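In: fold the following and give me the result.
(2 chains)
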Amino acid sequence: MSEGLFTQLLDLACGIFLLAAVLVLWRRELAAMVRVFAAQGLALAAIAALLARHEHRWDLLGVAVLVAVLRAGLLPRLMRRALVAGGESAETEPLVNVAASLLAAAALTLLAYAVARPLTELAPSPATRALPVGLAVVLIGFFALVTRRRALSQVTGFLLVDNGITAVAFLAASGVPLIVELGVSFDVLFAALVLQVLTARMRAAFGGTDLDDLRELHD
Amino acid sequence: MPDALLLTAPAAAPLAVAAGYAALGWRRTTAWAGLLSPAAILACATALAARVPTRGPATAYDGLLRADALTVWILLGIGAVGALACAASPAYLAAERTDPVSARRYGVLVHLFLAAMALATLTVNLGVLWVAIEATTIVTAFLVGHHRTRAGVEAAWKYVVICSVGIALAFLGTVLVYYAARHAGIPESRALDWPTLAAHADRLDHPTLRLGTALAVLGFGAKAGLVPLHAWLPDAHSQAPAPVSALMSGVLLAVAFTAVLRHKVIADAALGTGFARVLLVAVALVTLALAAALLLAQRDYKRMLAYSSMEHMGLIALAAAIGTRLATAALLLHMAGHGLAKGVAFCSSGHLLHLAGTTRIGRVRGLLGRAPALGAAFGLALLALLALPPFSLFASELGIARAGFNAGLGWVVAVALVLVLIAFAAIAGRGARMLLGAGPVPDAAPARSGVSVWLPLAAGLAVCAALGITVAPLGDLLDAAAAIGGH
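Out: Next up, the predicted model:
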């Protein structure tokens, strides 16, 4: 693969990756959010695969497969199961309306580019120049987490943060060592499982998954 | 004994006990088997304590597991508080009449929790350290939500979401440290290895490391109960079963803070001591102020103990900010003393809950008259937490204050002392109201506590007091551990 083609494909994958995060903020139906999240997982796997091809590191190709299975397969399936069990289809009115959310996403992306400048300057290459995209997704994930009122959309926010960090790891240093990558993947999978069980318990105890109901504990 | 065994057993023994509970369930006979894991941890830590200060760190599996003096000190704390919590569990579960399924799950999860904390302490790979600390969140989630009440579910949800997201920041920090290390020419297999990073810290890129350290302090600080991501702590500590609260407050906070210390050593070597100091002073003072303010308004004794944990973690962060050898020695002594005292306080608060049927401070009166043994244990644990002699927190708080003045941070220490004084007044006033005076039913016969209730509590208090009188048997270890974190 030529250098130019590699850069173009990498930028395309990173663009889809960022766009998916913005779409999560845009869509209100929970099912659509899960589909967008799965697409983002595929984009992340594509980033890993492109880096593997470019650097001739075939172990990274295995990691790309792992990422695809976990983030485009297992996690969306878990979320869909929670969705079917819950019978709730749409986000209630979020704390911040959609138009303002999209503007916030734009501001957060600019912020990510500003913060990441020293990181890019350390070793300029097509991959590190795309690194701010990962940070932007981390910030957008945080934003979704604090402004959404349904349990499932909060989980989506958490997983967006995690996708973003994984993207930063790939773009900055071709991913963390395999043992750490495996450990992190298991942790994320188990955290999602735990949150799914807790969502079911929440439904049993509160009759819904509106996080505004969580107000028993305070000072 | 070979190093590999000493380093593997502290994590492997709890895993084996957890598997045992999964297979056999929680019964009258198996309840006490839980003591096997803390016993194994204590035995390994003692063996390591005898040789690490003189012969240097022990390593195994190509450096993946490593025990230096700091590791051994924390491991002793895990073993001691673990023993306290595991010894208090049978009486707690029996009094709560937990059903067999929940009891089995409790046995499995508590020991997985111990294994994850032992692994977090023994690994030097910063990535594996992160994985182990996040694993503690996952295994304790259902322990926090042990009572499936609305409050229990709410506490568990907040706990998992805030801790997972908070600690995700620490992972981003770890990734940035890895990026800086790879760029400095450290090979991939060693780029997350703590001793290698500490040795080659001068080669790491400064802006990248600065961002990475700040994220690590915020992220692991979330797990250590430090501002701004502390909101899970009072809910989780007040909802979890008492022995689990004891473990979470007594050791989990310390283990998470050790991760901050490890990152700080790298940052200090690369960036000078100023950067981490400013960051930690800010976090420490805000944590102390928040804890003091919320203690003043507290009406629930389990939440009171939780905010007291935040107060002590604030002091520990302050000691880390001071960062001299004296401050670091005081910090480590404070971790140990707080772990033991808070362990006793939470375990006795569990029995207190069964006795009084409420966690409201206002509804508990004359505890010393109603249940003398339990009241004495709870009261003494509160005195220890208020840092009164002979308990070791007196010596360590004095040490932190002295180190602060020596290091030219007098005004910070002065502000911190005022905040500690406010917390002191709040806890002392509420404690006195609960313990003294006449009970709600005058002339009732005092409730007697069985030996399985008071013996672990008395042992914990005795060790905490012994540490306050002399650290001589552990002096070498403490010195060596302080040399790692301090300068």
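In: which helix runs longest in chain B?
Out: The longest helix of chain B (DSSP state H) is helix B:150-183.
In: so is it next to chain A?
Out: Yes: using C-beta under 8 Å from any C-beta of the partner chain, helix B:150-183 reaches chain A at B:150-151, B:153-158, B:160-161, B:164-165, B:168, B:171-172, B:174-176, B:178-180, B:182-183. For glycine as for every other residue, the C-beta is placed from the backbone atoms N, C-alpha and C.
In: can you give me the strands for the chain?
Out: Went with chain A since none was named. Assigned by DSSP state E, chain A shows no strands.
In: if you could check chain B rather than the one you did, that'd help
Out: For chain B, applying DSSP E gives strands covering B:58-60, B:65-67.
In: and of the ones you listed, who's closest to chain A?
Out: Between chain A and the strands of chain B, the shortest separation by C-beta to the nearest C-beta is 12.6 Å, and it involves strand B:65-67.
In: quick one: buried ones out of the residues of helix B:150-183 next to chain A?
Out: B:150-151, B:153-158, B:160-161, B:164-165, B:168, B:171-172, B:174-176, B:178-180, B:182-183 (16 or more other C-beta atoms under 10 Å in any protein chain shown).
In: tell me, what residue is most central in the chain?
Out: Using chain A here. Central residue of chain A (C-alpha atoms, centre = their mean): A:Leu160, 2.2 Å from the mean position.
In: you answered for a different chain; I wanted chain B.
Out: Taking C-alpha atoms, centre = their mean, the centroid of chain B lies closest to B:Val251, which sits 2.6 Å from it.
In: wait, doesn't that one sit right on B:Ala336?
Out: No: using C-beta atoms under 8 Å, B:Val251 is not in contact with B:Ala336; the gap is 9.9 Å.
In: identify the contacts common to those two.
Out: Residues touching both B:Val251 and B:Ala336 by C-beta atoms under 8 Å, 6 or more residues apart in numbering or on different chains: B:Gly77.
In: nearest spatial neighbour of residue 214, chain-adjacent residues omitted?
Out: In the absence of a named chain, this looks at chain A. Spatial nearest neighbour of A:Leu214, chain neighbours left out: B:Glu154 (4.4 Å); criterion: C-beta to C-beta, 6 or more residues apart in numbering or on different chains.
In: switch to chain B, please.
Out: In this structure, B:Ala214 finds its nearest non-sequential neighbour in B:Leu279, 6.3 Å apart by C-beta to C-beta, 6+ apart.
In: longest helix in chain A, please.
Out: Max-length helix for chain A by DSSP H is helix A:178-206.
In: quick check: angle from that one to helix B:150-183?
Out: If you take axes from the mean of the first three to the mean of the last three C-alpha atoms, to 10 degrees, helix A:178-206 sits at 160 degrees to helix B:150-183.
In: same for helix A:178-206, what does it pack against?
Out: helix A:58-67, helix A:75-86, helix A:151-173, helix B:126-144, helix B:150-183 (3 or more C-beta pairs under 8 Å, 6 or more residues apart in numbering or on different chains; DSSP states H and E).
In: can you add distance to B:Pro57 and give those helices back as CSV?
Out: Output for the helices and strands packed on helix A:178-206, formatted as CSV (distance: least, C-beta to C-beta, whole Å):
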stretch, distance to B:Pro57
helix A:58-67, 30
helix A:75-86, 39
helix A:151-173, 27
helix B:126-144, 16
helix B:150-183, 20
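In: which one of the ones you listed lies nearest to B:Gly486?
Out: Closest to B:Gly486 of those is helix B:126-144 (C-beta to C-beta; 20.0 Å).
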